[in-house]
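Asks: With the sequence up front, the predicted model follows.
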Amino acid sequence: MYYRTLGLSGLRVSAVGLGCMGMSHAYGAPADKGEMTELLADAVEMGYTFFDTAEMYGTPDRPHDNEELLGEALRRFRDRIAIATKFGISFECPEAGGTHAVIPDSRPATIRRAVEGSLRRLRTDRIDLYYQHRIDPKVAPEEVAGVMAGLIREGKILHWGISEATEEYLRRAHAVCPVTAVQNRYSMMARWHEALFPVLEELGVGFVAFSPLANGLLTDCYTADSTFDPATNYRASMPQFRRESFERNRTLFELVEGLAEEHRATPSQIALAWMMNKRPWIVPIPGTTKLSHLEENLRTPDFNLAAEEWRELETAVAAIPVVGDRYNAEQQRQVGR
């Protein structure tokens, strides 16, 4: 089994983590709870030790469903795993289906309420890694970091991090309470956060990559003809899943598929190995509801290329323009893009 340490924090986790959002939220109707409970147990037995969730992953009628699922499924493995969850956003229209703007709220009182709720739902006495889910422009990073320092002193959280972090925000927060990890979107199709890597190296902060397979586009699961229910599946509103985007990104998909075929790997393994080869403190957290994909992703560290082959792949990927984004214009604005 392969492990990685997130920066200088000492938080050691499986080299590939498991993003659990899609079990309850965003990618269709929630999966069967019994099946997901079994899948999570299988993940632990395979060697996964890093599980990612958030207080707002759920449905209109069960808004915290994902934390509740993990709390029930993982409690008997609690001392063998690290659980990451998040605070700080809510939906503009939580009672309705589909995608909606999110409302950031990182006021100290809100954080305090959120951590108690997450501890209760996760059936645990501590959260291994607690992320600020989105930056709240109304609350200074120093104030958020001060609350995190207090929660660490109290033993309610062991480490903290920031999702969709910028350099300025990270530096200011880190100066008050050291940040263990930044969780940003990163994949062959979303590379702008590479500009943050030197800062993470300098500060000793790890990087957790969400959507490392570009919401499934870097697998062999979708085509230009794939359709999604806009009431339950965020992919229906993602510009990167539009037919014109898919067709214009075909060069990248064919590059990944060709390399996978050449090396008897899968496109997912190529895409994950590409990012893991960049820095030893990068941990991807691909999500899945299927046992076969769980096994496939965990085997990624077994895949390797010669140094020259990695350089050739990097050059090829960098030369291919990517069309379309995960977020629409309003969502991009909210994460500072």
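Replies: Perfect, thanks for sending it. Residues are numbered from 1 along each chain as shown.
Asks: Just give me the residue right at the centre of the protein.
Replies: In the chain, the centroid-proximal residue (Cα atoms, centre = their mean) is Phe210; its distance is 2.6 Å.
Asks: so that residue touches Gln183, yeah?
Replies: Yes: in this structure, Phe210 is within contact of Gln183 by Cβ atoms under 8 Å, at 5.7 Å. For glycine as for every other residue, the C-beta is placed from the backbone atoms N, C-alpha and C.
Asks: Can you pull the residues that touch both of the two?
Replies: Listed as contacting both Phe210 and Gln183 by Cβ atoms under 8 Å, 6 or more residues apart in numbering are Asp52, Ser163, Ile285.
Asks: Which residue ranges of the chain form strands?
Replies: 3-5, 12-14, 18-19, 50-52, 82-87, 89-91, 102-104, 129-132, 160-163, 181-185, 206-210, 282-284 (DSSP state E).
Asks: least reliable of those strands going by mean pLDDT?
Replies: Per-stretch mean pLDDT for these is lowest at strand 89-91 (a mean of 84).
Asks: ok, and what's touching that one?
Replies: Strand 89-91 has contacts (Cβ under 8 Å, 6+ apart) with Met56, His100, Ala101, Val102, Ile103, Pro104, Asp105, His133, Arg134.
Asks: switch to 7 Å and redo it
Replies: Met56, His100, Val102, Ile103, Pro104, Asp105, His133, Arg134 (Cβ atoms under 7 Å, 6 or more residues apart in numbering).
Asks: So in that sheet, which strands flank that strand, and in what orientation?
Replies: Strand 89-91 has its sheet partners listed here by DSSP bridges as strand 102-104 (antiparallel).
Asks: Quick check: buried residues in the partner strand?
Replies: By neighbour count with 16 or more other Cβ atoms under 10 Å, strand 102-104 contains the buried residues Val102, Pro104.
Asks: chain center to that strand, what's the gap?
Replies: Relative to its chain's centre, strand 102-104 lies at 18 Å (Cα atoms, centre = their mean, to the nearest Å).
Asks: picking that back up, mind checking which of the strands of the chain is nearest Arg243?
Replies: Comparing the strands of the chain against Arg243 with Cβ to Cβ, the closest turns out to be strand 181-185 (22.4 Å).
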